[in-house]
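# Show me how the following folds:
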Amino acid sequence: MGAEVKQRGLTWRSILALLFSTVVVQLAIIYYQLITASSFPLQAWFVILLWSELSRFLGAPLTKQELFILLSFQYAIAGGYALRFLEPIMYMYYVTAPEVRALGIVEYIPSWWLPPLETIYKLYRSNLVYINPAWLAPISLMVISTALGMIANISMGFFAYSLYVKTEKLEFPAATAQADTIITLAEREPTQTRVLMLSALFGVLYNLLVSFIPFVFGPFLSTGGTAIYTVISPIAGDYDLSPVVASLFPGAGFAFTLNIINYLPGLLLPLNIAISQFIGAFVFYFLGTHLITKWNLWPSESPYSQSWTIALLVERSNLYFYTSIIIGLSLAATFMPFILRPKTIMSAFSGIRRGVASAEERMPMLMLALFIASCLGSVFLVYYLTGFPIWILTLFTLGGSLLASFLSVSSSGVTFTGFNVPYLRELMIYSSHWPSKEIWFAPVTLYTGGAGVAIAFKQADLLNADKNEYIKAYILVVALGFIMSFLQVSYLWWIAPIPSVAYPATITVWPVNALNWARFQRWIWYGYIFREELINYSFIAGAIVYTALQFLKKPFLLISFITGTQLGIPFTLAQLVGCIMAQKILTPIMDRKKPGMFRMLRGRMVMGVTIGWGFMEFIRALLILVGRSMWLLPY
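As a prediction, this is how the structure comes out:
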């Protein structure tokens, strides 16, 4: 594949697909969020499949490089920019909510973050919400922060790619499976295509049986098409045994899921990673919560009850204990590689010229300069707004972004989901003891988007795509997504102010979210979720464990352990079972016909079932859109 001549991916056809996404799909994402407060499913693969089949029908199939451009940026549109201009309107509602005002949040909000309260009340009477001078500072701040983040993420992606893709040669199971699917859609090799299509058919039929039909013939029809919540059949449901287990082990949580979708990632994971993930979840939410209960460590405001579900156990234990422990372990997993393997880490900077092709090879130092410049730009922006100490901001934004990006990439390299260190920004601000509350609203940023760029570069290698075109498309999507978000949210406001009955989730969900947001602000302002002793002890423990694993040449087991604490017992157990099935059943059966067949086809199997399931979820989302829209008609 390396000798294959690179073809263009950023063509008029892929650009047209991106325009379609930003004009049509992005509008659906925003509207679906307003009526359900949920994410619109299958944004990425819907466009990829639509354009792939349409171009093939017209006799000019899309190349894998063109499909790569669509794969890389559908997620950015869906997750990064579609809701960018909806968020300020949501915060407008928050600051006018009585519960937020009662908690004493509103008086600290600066005018460069949101217009003053009296202006907000005037905006609610306007048809053009963003046409007001009070928005100049907040929108300018949003644009500048987005531009700085884009530069930082692109430049950091080069170094993370050099270290974890070229030097460490991590597998990146999710990214590799997606790339394999793109190859199948583009090349249509018979065996691979058959596996992908049969897997997708299974996903469709499975969803029909356990989700779509129960939803349609249950809440959807019984409510006249206004129901929005998901229904899962008992044969694919989640089963919480925590109240039963608690009779023998008070405080212990345990649950499992029968949904096949949750087992699929295990097919792509090494057994030691799957085991480590499950151990992490089990130690935290079975053994750990049992010991917390046994030693009577729950605070008086939250006394333990045997009726607690595993969801409540996870929520309470993270609030009072585990957030601090996860921060400490994550910091250990971040810092220890720099201490134990400094030469390997430095190769990310010194080895780019040897390891990376095209533009990266010619100007590696330019990438480093751009990264430093964007981080310093963020530092001075925050300093200008708040006066916060420059040296603290520099250490956090420059050094922290470097460390956090490497950790994010390395976790994605060995697990299916990856993770980021939680609440580092909040911990830094709280630890500084800075008196002004304005700093909590400032764009103090830890740039971790370089992980996504590095992973995309990995996919570019697998698909023989040009990384320069990826960068161009990245910039194009940021601009398109930003502009269309502004226009589409403004259009929806012009139809009906937000919140209003025209957008049901803003009436039913936003009040609850406002209270949760205000309460969380107070928790982090006063360090309620940070326990210094737990952070320190867990950092020391994590450093010792990482050092031992380094000598055993298994350092990534600590990262997978931490990832398991984020996923929880049901999902890590499902992934472990899926991994064991892959190792002990599927691999021997499929490899009898041809050695290595399962390893070659497993990515297509996983992505096929995922796409098929997601397609039916997409149809369900369309039903919800139609049903809620008809309910709002004046007849």
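# Mind checking the pLDDT average for stretch 284-292?
Taken as a whole, stretch 284-292 has a mean pLDDT of 95.
# Flag the shaky bits of the stretch 251-400 of the chain, pLDDT-wise.
Applying pLDDT under 70 to the stretch 251-400 of the chain flags residues 343-364.
# Show me the strands in it, by range?
255-257 (DSSP state E, counting those that start in this stretch).
# quick one: residue 163 from residue 523, how far?
35 Å (C-beta to C-beta, to the nearest Å). C-betas here are computed from N, CA, C, even on glycine.
# more crowded one of these two?
residue 163 (27 against 14; other C-beta atoms under 10 Å).
# Show the pLDDT at the closest residue to residue 81 other than its chain neighbours.
Distances taken as C-beta to C-beta, 6 or more residues apart in numbering place residue 481 nearest to residue 81, at 2.9 Å, with adjacent residues excluded. pLDDT recorded at residue 481 is 86.
# Give me the neighbour count for residue 481.
The burial count for residue 481: 24, using other C-beta under 10 Å.
# Work out for me the element residue 413 sits within.
Assigned by DSSP states H and E, residue 413 belongs to helix 401-414.
# Just the CA atoms of the very next helix or strand once past that helix, as PDB, please.
Using DSSP H and E, the next helix or strand after helix 401-414 towards the C-terminus is helix 424-432. Output of helix 424-432 as PDB, limited to C-alpha atoms (Å, rounded to 0.1, in the frame of the first residue of the first chain):
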ATOM      1  CA  LEU A 424      -7.700  19.300  34.700                       C
ATOM      2  CA  ARG A 425      -8.800  22.900  33.800                       C
ATOM      3  CA  GLU A 426     -11.000  23.200  36.900                       C
ATOM      4  CA  LEU A 427      -8.300  21.700  39.100                       C
ATOM      5  CA  MET A 428      -5.700  24.100  37.900                       C
ATOM      6  CA  ILE A 429      -8.000  27.100  38.500                       C
ATOM      7  CA  TYR A 430      -9.100  25.900  41.900                       C
ATOM      8  CA  SER A 431      -5.500  25.200  43.000                       C
ATOM      9  CA  SER A 432      -4.300  28.700  42.000                       C
END
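# could you say what helices and strands helix 424-432 packs with?
Judged by 3 or more C-beta pairs under 8 Å, 6 or more residues apart in numbering; DSSP states H and E, helix 424-432 is in contact with helix 510-525.
# if you set the cut-off to 10 Å instead, what comes out?
helix 323-340, helix 390-394, helix 510-525, helix 532-551 (3 or more C-beta pairs under 10 Å, 6 or more residues apart in numbering; DSSP states H and E).
# Provide the contact partners of the third one at residue level.
Spelled out, that is helix 510-525. If you take C-beta atoms under 10 Å, 6 or more residues apart in numbering as the criterion, helix 510-525 is touched by 34, 37, 90-91, 93-106, 108, 319, 423, 425-427, 429-430, 437, 440-441, 498-499, 503, 505-506, 528-530.
# Quick check: buried residues in that helix?
Neighbour-count burial for helix 510-525, counted by 16 or more other C-beta atoms under 10 Å, picks out 510, 511, 513, 514, 515, 517, 518, 521, 524, 525.
# same deal with the second one?
Using 16+ other C-beta under 10 Å as the test for burial, helix 390-394 gives 392, 393, 394.
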